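Novice: Quick one, fold the following:
(chains A and B)
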Amino acid sequence: MRMPEPDQSVLAARDTLIASLQSIVAEEGVIWSENQLKAYESDGLTAYRQLPLVVVLPEDTRQVSEILKICSEHGAKVVPRGAGTSLSGGALPLADGVLLALGKFNRILEIDYENRCAVVQPGVSNLAISEAVADQGFYYAPDPSSQIVCSIGGNVAENSGGVHCLKYGVTTNNILGLEIVLMSGEIIRLGGKHLDPEGYDLMGVMTGSEGLLGVITEVTVRILKRPELARAVLVGFPELEDGGQFVADLIGAGIIPAGMEMMDKPATHAAEEYCQAGYPLDAEALVIVELDGHSTEVDHLIGQVEEIAHKCGASSLRTSQSEEERLNFWSGRKAAFSSIGRISPDYFCMDGTIPRRSLPEVLKRMAQMSDRFGLRVANVFHAGDGNLHPLILYDANQPGELERAEEFGAEILKLCVEVGGVLTGEHGVGVEKRDLMGVMFSEADLEQQQRLKCAFDPEGSLNPGKVFPTLHRCAELGRMHVHRGQVPFPDIERF
Amino acid sequence: MSETYRPADADQVQEIVAWAVAEERPLEIRGAGSKRALGRPMEVCSTLDLSGLTGLTYYEPGELVLAACSGTPLSVIEAKLGENAQRLAFEPADYGSILGGTAGQSTIGGVLACNISGPRRIQVGAARDHCLGVSGVSGRGEAFKSGGRVVKNVTGYDLSKLMAGSYGTLAALTEVTFKVLPMPEKTRTVLVFGLSVSEGISVLGQASSSDLEPSGLSHLPAAAASRCSVGYVTQPGDSVSAIRIEGPAPSVEARCRSLREMFEDRGATEELHGHNSSTLWREIADVDLLGEAGGDLWRLSVPPSTAAGVVDRIGAALPSTCDAEFLFDWAGGLVWLDINAAKDAAHELVRDALAASGGHATLIRASEEVRRTIPVFQPTSPGLAALNARVKQGFDPRGLLNPGRMSAEY
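Specialist: Prediction:
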C-alpha cells in the first residue's frame, strides 16, 4: 500500500514536537518509545502496519485544540484514532504523523431521558451507551459487530451500521449533535439536542468522513425505548436463489424486519463448528430474520414470515421461543468473522453493497473468481440492505497469497459497482479501497469531495493518504477553468 | 435584462451554469418555485428553472429505491409509489399554501434542497436521512455526483446530506435518489383532549418514551384544533394532543388500546381511523391549522422538553398589541409560531427565547422587506459561519448560485 512520502523535516524535528506535546498533556500522555508505539501500529485491518511518529492521548477538548495547533505549526500530519477497530485502515498511522488517540475521552457526560438523548465523549464504547441507559429501558440503536469495543467517535467517523440498521438506520440517522476540532485548533459545535442542525448539514458530512475533516470530541446520540419483544426466525434453503427470493418476498409483503442476515454454506459451517448454534448444515443459504416491537405485532408478523419461508421452499425453519434461543440464533452470525479466523490463517473482509436482486449473479461470479484465484471465500450478507461481506481466506505466509487476496477483493468490489452497487457499505474506504475510488467516481466527483475537505483542512494535514487516491493541493483544486465567449445554448428553452 | 432558462436535461443545466460562471452572472435556482418566498430575497436577473427536468430515472419497488430528475413533481412520485403501496416515509410537507401559493406544486429536488419533512420525521428521520444520492452541477459549472442507489453506503463524503437544506446555494441538483418504504396496513390516531401546552407535551414525551413506536406526536392548542376539518378534533372545542400509530392491523389496535389506557387519567380520549387520521396529519404537516390572517410564521427546532418554556417566554415578551398562535409537532421538538403585527417579526425575542435551551428559529413566512432586514435563518457562531462560507466557496467560489438566500455573508 503506497502512502504519502514522509516529510523529512518533520521526522528530523521529532524531538521538538514531542517536547511541545509534553507541554500540553501529562507526560504519560505522550508515547514515543518504539516498544510502546508497537501497540498502535495497525487498526482492525492488520495486513497494513506502520509505526506512528508519536502517539498523544489528550484528556479534554482544549488539549485536542492545542495539539492540533502545535501540529499545524510543525507541519505535522495527524491521524485520529478511537478504539482502533477500523476494518479499512482508517486509523493506520503515518511515519511522519501524530496519532491522536481519544481513549481517555471515556465519559458519559449527560443522559437526558426527557429529550431522549445522551451526550457522550467519543472514546465511550458503542455498547457502553446502551448499558448506561438500560435501567430505564432505553438503548442506542446502531449495533456494529464490534460494539463491545468500538468507540462512538469512531462510529461517527465511519458512519457505522450494524445488523439492526435496516429498521433503525445507521449512525448518521441516530445522532443529534457533535463537537469537533478543526486542524486549526478551532472548536465548532454542530446541532445539539434538537432535530435538523441549522445551516449547512455539516454534521451530515462529518459523519462518515473517516477522520479527514475534523476531530470529534463530543457526540449527542438519540436513545430509543427498547422494544417490548424481539423474536428471530432461522430459515435454511437448499439453494442460494431461494434465500434471495425469500428476502425479496418479505420486503414485497411490506415487512421491514429489525434485522435480516444471510450466510452461505461455508460461512454457516464455520460458524456452527465454532458456536454450535444449531445451524442446519445442509442449507446453501441460511437466513436469520429478526422482528421487534409490540408483542402483538411481532407474533403477527412471525406468522407471515413463516408462511413466506415455506412458500419459498425452506428446508428448515425454527422460530425463537425464548430470549435465550434468539441470542443463540445470533451467536453464530455474530461470531462469523472469528469462526473464519479458525479455519484460515488470514482473511480479508470485504464490504460492498449491491442491489438485493443481483445477489445470485454476484455470488455465482464470486465462486468463479474463487476458482480462478485459487482462494476460498465465505459470505455473510446483511440481506435486508444488500451489504455483502465476502471473507477471502488466505495465508500470508504463502508467497504471493496476500497479493492474490488483495486482487480478488478488488475484483469483487468492481463487480459490486458494475451491478449498480458501491465499494463500501459500512467499513469505510480508508487505505483499503482508496485506489478503487475511481471505479465509482469520476475525477470531477472526487475533486468536489476534496474541495469540501479544503474548507475544513486547507493544508490537508488530517489523515492524509486515506479515502482519496490522488492528493491535490487546495490551491490547485480551487482554480477555475473558465471558457468565455461561447454563444449560449441556442437549443435551451428561455423566456 | 431578466431571463429564465429552462433546460431539459442535466447536460443543458451544466451548459448554462458554465456560461453563468464565465459571465459571472448570478442565477436564481428554482424548481416549481413553490418555496421561492422562503429565504432572504435575492437580487438576481437570471433564473435557472429546473422544472423541465422531469421523470423517474430508476424505480425498483423490491429494492425500496427511487431516483428521479430533480424537477419531477412530488405528486407524480407519490402517485407512482402509491401504485406499489410504498411512500416517502419522511412525509414531505407542502408549504405551498402557507407561502401564498397553492398546494401540490413541489418538486422532489425542492423537497431535498429545503430538507422538508413532516410529522413522521420524529420516527423515521428527515428528507436528509432518506436521500441516498444526488447528481448536480456546482457553481463552478462542473457536474458531480455523490452517494448511490443502495441504502447502505459510506463510499466518500456524504454530499447528499450537504445538499439537503442548502436551498440551492451549493449546486443545481439534477437528479436525486431516495429510499422508500412500504405503506403500513393500518393507521390510527389517539387524541387526548383538554391539556395545557406543558401537559400536552408531557403526554407526547411519555408516548415517545414508550415502546409503542408512535409515528406522529403533535399538540394543537384550542385555536389550532378548531381549524381542523375533522369533526372529532374540533367538536370538544378544546386543545388536542394527537398520537399516531401505524403498522399491521392487530398491532395498531393493541397499541392504541395501550395508549388510551396510559392517558385515560389525563383527559377524554378519542381514536381517529384511516381517512380522518390522514386528514389531520396532512393539515398538521402543511401548517394549515395556524393563523388564517397570515402573519409572520416561525419554525422553531428545539429540545422537546423545552418547548413549553420557550413558548411561555415568547408570550410574555410579546407586546400586547401582537397576537401569537402556536402549534407543536415532533413531540414538542418543532414549534410553529404565527405572530401578527410584530415589528421585524419579533425576531430578537423569538431567538432570545431559545438561546438558553438550544435549537434554532427560521422565519418561514414574512414580507420581503422583513426578510431583507433580519436573518431568516438562525445566525451561527462566527467560527461556524466562517466554516459555512468556506464550504460555499468550495462549491460556488464566485457566489453565483442563489446568492444571499441563506445568509448575507455566503
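Novice: how about the strands of the stretch 151-300 of chain B, start to end?
Specialist: Counting by DSSP state E, counting those that start in this stretch, the stretch 151-300 of chain B has strands at residues B:171-179, B:181-182, B:186-193, B:216-220, B:240-247, B:269-272, B:296-301.
Novice: Doesn't B:Ser146 lie inside a strand?
Specialist: Yes - counting by DSSP: H, G, I helix; E, B strand; the rest coil, B:Ser146 is located in a strand.
Novice: Could you report the neighbour count for it?
Specialist: Residues near B:Ser146, counting by other C-beta atoms under 10 Å in any protein chain shown, number 27. Backbone N, C-alpha and C define where each C-beta goes, glycine included.
Novice: returning to that earlier point: which of the strands of the stretch 151-300 of chain B sits most buried?
Specialist: Across these, averaging neighbours per residue (mean count of other C-beta atoms under 10 Å in any protein chain shown) puts strand B:216-220 on top, at a mean of 28.
Novice: which residues does the closest residue to A:Ala128 other than its chain neighbours bridge with?
Specialist: With C-beta to C-beta, 6 or more residues apart in numbering or on different chains as the criterion, A:Ala128 has its nearest non-adjacent residue at 7.2 Å, and that residue is A:Ile108. Under the criterion DSSP bridges, A:Ile108 forms beta bridges with A:Val120.
Novice: which ones are touching A:Ile108?
Specialist: A:118-121, A:124, A:128-129, A:132 (C-beta atoms under 8 Å, 6 or more residues apart in numbering or on different chains).
Novice: need the residues of the stretch 251-400 of chain B near chain A, please.
Specialist: B:251, B:253-255, B:258, B:301-305, B:330, B:333-334, B:358-360, B:362, B:377-378, B:380-381, B:383-384, B:387-388, B:390-395, B:397-398 (C-beta under 8 Å from any C-beta of the partner chain).
Novice: Please pick the buried ones from these.
Specialist: B:251, B:253-255, B:258, B:301-305, B:330, B:333-334, B:358-360, B:362, B:377-378, B:380, B:384, B:387-388, B:390-395, B:397-398 (16 or more other C-beta atoms under 10 Å in any protein chain shown).
Novice: Just the ones in strands from these, please.
Specialist: B:301, B:334, B:360, B:362 (DSSP state E).
Novice: and of those, the nearest to A:Val287?
Specialist: Nearest to A:Val287, judged by C-beta to C-beta, of these is B:Leu334 at 39.1 Å.
Novice: May I have the beta-bridge partners of the nearest residue to that closest one once chain neighbours are set aside?
Specialist: Counting by C-beta to C-beta, 6+ apart, B:Leu334 lies nearest to B:Ser301, which is 6.1 Å off, once chain neighbours are set aside. With DSSP bridges as the criterion, B:Ser301 is bridged to B:Leu334, B:His360.
Novice: so B:Ser301 touches B:Ser357, yeah?
Specialist: No - checked against C-beta atoms under 8 Å, the pair B:Ser301 and B:Ser357 is beyond contact range at 11.3 Å.
Novice: Is A:Ala128 in a helix, a strand, or coil?
Specialist: Going by three-state DSSP: A:Ala128 is helix.
Novice: mind checking pLDDT for it?
Specialist: As predicted, A:Ala128 sits at a pLDDT of 98.
Novice: Including distance to B:Val350, could the ones in strands among the buried ones among the residues of the stretch 251-400 of chain B next to chain A go into JSON lines?
Specialist: Shown next, in JSON lines, are those (distance: C-beta to C-beta, whole Å):
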{"residue": "B:Ser301", "distance to B:Val350": "13"}
{"residue": "B:Leu334", "distance to B:Val350": "14"}
{"residue": "B:His360", "distance to B:Val350": "11"}
{"residue": "B:Thr362", "distance to B:Val350": "10"}
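Novice: circling back: what's the most distant pair in the contacts of A:Ile108?
Specialist: Maximum pairwise distance among the contacts of A:Ile108 (C-beta to C-beta): 13.6 Å, between A:Val119 and A:Ala128.
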